[in-house]
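Chemist: below is the structure, and that's it, no one-letter string:
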Ligand SMILES: O=C1O[C@H](COP(=O)(O)O)[C@@H](O)[C@H](O)[C@H]1O
């Protein structure tokens, strides 16, 4: 699978260019189908991109925003991806977007995954836009190296929906969309920053063991060629 590399001189230029591209994709979806969908990642990288995207002038009231993955923590936790999106994306022009979380305060993480699957099932397939991140360990979404549900999560013949994940490197237990849900997005981007992440990407491209570096599943098997956005 070929990927396309987009390199920028700094994080602000990347954020602006990625926000322009995503806004154009969402606007095209609104024009063609009347609604649009985007699944975004959490972590520390996307803040500037979220801030830029929140200012783009599209009809956000018809856009559904959800998360690629989430920690099993409530929305008021510092570790919550929901909180990150609420603070940095769902404001300004994007304040009216419909947000569907993955975390639910229910009896077990499996119940939360089932509820998230049910609540997001109404989003048209495929997603219009999916923005992935990548950790220094080669995880993406919550496809963690040697995660307890990794095989199921990255099985492209598996169902769309949300799974649970537990892994040594993950901290909290996780909720994650399956690869089958993300792989065929109309626009599939990987947003990474810093020389360290570029080195991790090069390492991923040089090998094939997906248990060791699950990002390889995206680079090698995603139905949509991945657009990689990188800045130092
Ligand atoms: O745990 C997570 O980490 C990755 C990468 O995060 P970053 O802090 O290195 O940018 C992120 O893509 C994922 O959504 C998040 O849950």
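Modeler: Good, I have the coordinates. Computed from a predicted model, the values in this text were never measured in an experiment.

Chemist: drop to CA atoms for contacts and neighbour counts, all remaining ones
Modeler: Will do.

Chemist: for stretch 88-96, the distance to its chain's centre please.
Modeler: 18 Å (C-alpha atoms, centre = their mean, to the nearest Å).

Chemist: what's in contact with that stretch?
Modeler: 47, 50-51, 53-58, 60-61, 97 (C-alpha atoms under 8 Å, 6 or more residues apart in numbering).

Chemist: got it, and stretch 146-155?
Modeler: 143-144, 158, 163-168, 177-180, 211-212, 217.

Chemist: would you mind measuring from the residue nearest to residue 71 when sequence neighbours are not counted to the ligand?
Modeler: With sequence-adjacent residues excluded and distances taken as C-alpha to C-alpha, 6 or more residues apart in numbering, residue 71 is closest to residue 174, at 4.5 Å. According to C-alpha to the nearest ligand atom, to the nearest Å, residue 174 stands 8 Å off from the ligand.

Chemist: was I right about residue 174 contacting residue 67?
Modeler: No. Using C-alpha atoms under 8 Å, residue 174 makes no contact with residue 67, being 11.8 Å away.

Chemist: what does this structure have sitting close to the ligand?
Modeler: Neighbours of the ligand within the chain, by C-alpha under 6 Å from any ligand atom: 41-45, 69-70, 132-135, 140-141.

Chemist: if we can go back for a sec, what's the closest of the contacts of stretch 88-96 to the ligand?
Modeler: residue 47 (9.2 Å; C-alpha to the nearest ligand atom).

Chemist: name the nearest residue to the closest one, sequence neighbours excluded.
Modeler: In space, residue 47 is closest to residue 88, 6.2 Å off (C-alpha to C-alpha, 6+ apart).

Chemist: burial measure for that neighbour, as a count.
Modeler: 19 (other C-alpha atoms under 10 Å).

Chemist: need the contact list for residue 70.
Modeler: Residue 70 touches 42, 80-82, 102-103, 142, 174-176, counting by C-alpha under 8 Å, 6+ apart.

Chemist: hey, what's it bridged with?
Modeler: For residue 70, the beta-bridge partners under DSSP bridges are residue 175.

Chemist: what's near enough to touch the residue in the chain sticking out farthest from the centre?
Modeler: Within the chain, residue 107 marks the point farthest from the mean C-alpha position, 25.4 Å out by C-alpha atoms, centre = their mean. Not one residue lies near residue 107 by C-alpha under 8 Å, 6+ apart.

Chemist: if I look at it, how far off is residue 171?
Modeler: For residue 107, the distance to residue 171 (C-alpha to C-alpha, to the nearest Å) stands at 20 Å.
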